[in-house]
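K.L.:
Sequence and computational prediction follow.
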Amino acid sequence: MVRSIRLAVLIGLLAALVVGSGTVAAGGPKILDTRLAGLPTPRLVLAGVTGAGHAWAIADGNAKLFADGRLHVEVEGLVLTPEGTNPVGSGRAVVSCNGGATPADIVMSAVVPLSIPDGNAVVDQKLTLPSPCLAPTIFFASAGGAWFAVSG
């Protein structure tokens, strides 16, 4: 009877270790999980990143940043306002750390497709973040880096 209880406890501990290690291997602790908001005013500068030359709205957007630099950004319905359509065929994610105090504090993902006219895109990449990366701000931007949507 005692042997059965010990075996059950051992199996339970091993299962907990396997489940726990799988979570850490997926990107480390999540440091930011936030929704995205569109650019309300053209050329608005936030955290060292300049907004696009036209106002943008977003139907739905989410950004997740992990301690190891893994970044997942999804945008849906990212369109010009008041036009309601997207004329841009590509974009990228931008992470600004430390308020964008220096150029080294701003990191960009590779360029990804942005659907025309719907404005849907996904970024799923691992970035090399500056150390430290305090108070990160995440943007979805043009291929040139002018932002359309921001974490908030």
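P.N.:
Sure thing, it's come through. Numbering: from 1, shown residues only.

K.L.:
C-alpha only now, for contacts and for neighbours.
P.N.:
Noted.

K.L.:
List the beta-bridge partners for the spatially most central residue of the chain.
P.N.:
The residue lying closest to the centre of the chain (Cα atoms, centre = their mean) is Ala63, at 3.4 Å. Counting by DSSP bridges, Ala63 forms beta bridges with Thr34, Val73.

K.L.:
how many other residues sit next to Pro42?
P.N.:
Other residues near Pro42 number 16, with proximity taken as other Cα atoms under 10 Å.

K.L.:
let me fix that: Thr137
P.N.:
For Thr137, using other Cα under 10 Å, the count is 25.

K.L.:
Give me the distance between it and Leu32.
P.N.:
As judged by Cα to Cα, to the nearest Å, Thr137 and Leu32 stand 9 Å apart.

K.L.:
Give me the three-state assignment for Ala57.
P.N.:
What DSSP: H, G, I helix; E, B strand; the rest coil gives for Ala57 is strand.

K.L.:
who does it bridge with?
P.N.:
Val79.

K.L.:
Adjust the sequence numbering to begin at 18 for everything that follows.
P.N.:
Fine by me, first position is 18 from now on; the one you just mentioned is Ala74.

K.L.:
What confidence value was assigned to it?
P.N.:
Looking at Ala74, its pLDDT stands at 98.

K.L.:
What residues does it make contact with?
P.N.:
The contact partners of Ala74, by Cα atoms under 8 Å, 6 or more residues apart in numbering, come to 54-57, 94-98, 165-166.
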